[in-house]
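Q: Give me a model of this one.
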Amino acid sequence: MKKQFALIVSLITAALLALTACGSPLPPASTGGMPVASSGGGAVKVSAGAQKYASLKGEADKGNKIFHGTCNACHGDDAKGKVGLGKNLVVSPYLKGISDADFVLFVTKGRPASDPANTTKVDMPAKGGNPALSDQDLADVVAYVRSLQRAAK
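A: Below you'll find the predicted structure:
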């Protein structure tokens, strides 16, 4: 039990450090009037902040490797989440409702525990706490998560 507590405290500390460089929280998923791009659930609008990611094409195979080297710590090997840490990415209505570009933006910035939309009340660190990840790496992770979402239908 003490080891688990120490691990959680370490993860939270790392997340807080990562978020200090993260900037402001993301805008809401509503992106009225923006261009459309594909997502796991069909065509959705791309927010102005995510336009720079709209041309990225992710590769699920590469994203699988990246996911299992970074994201699985909180979201589990199956991306179905870990209690008290990360959400289930496979069934997330929020992620299914945003464009791939906005998904990349979301992972790029993270989500602080103080964000009212953060239901776990655990910080999602920018780039999953791995600042070495490139925009292309994140697009690959998004492609991998989208493949899991499609397979779950």
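Q: how about the helices in the protein?
A: 2-20, 60-69, 72-75, 93-96, 100-109, 135-151 (DSSP state H).
Q: Is it possible to get a markdown table of these that adds mean neighbour count and distance to Gly86?
A: C-beta coordinates here come from the backbone N, C-alpha and C atoms, glycine included. As requested, the helices of the chain are arranged in a markdown table below (neighbours: other Cβ atoms under 10 Å; distance: least, Cβ to Cβ, whole Å):
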| stretch | mean neighbour count | distance to Gly86 |
| --- | --- | --- |
| helix 2-20 | 13 | 10 |
| helix 60-69 | 17 | 11 |
| helix 72-75 | 20 | 3 |
| helix 93-96 | 16 | 12 |
| helix 100-109 | 24 | 12 |
| helix 135-151 | 21 | 12 |
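Q: Can you say which of these is nearest to Thr119?
A: Of all the helices of the chain, helix 93-96 sits nearest to Thr119, with 9.6 Å by Cβ to Cβ.
Q: same for the closest one, what does it pack against?
A: helix 135-151 (3 or more Cβ pairs under 8 Å, 6 or more residues apart in numbering; DSSP states H and E).
Q: Not counting the helix it packs on itself, show me its contacts.
A: Outside of helix 135-151, the residues within contact range by Cβ atoms under 8 Å, 6 or more residues apart in numbering are 39-41, 52-53, 56-64, 66-67, 70-71, 78-79, 89-91, 95-96, 100, 103-104, 107-108, 127, 133.
Q: chain center to it, what's the gap?
A: 10 Å (Cα atoms, centre = their mean, to the nearest Å).
Q: any idea how far Phe106 lies from Val141?
A: 11 Å (Cβ to Cβ, to the nearest Å).
Q: Against Ala117, how distant is Ala139?
A: To Ala117, Ala139 is 23 Å away according to Cβ to Cβ.
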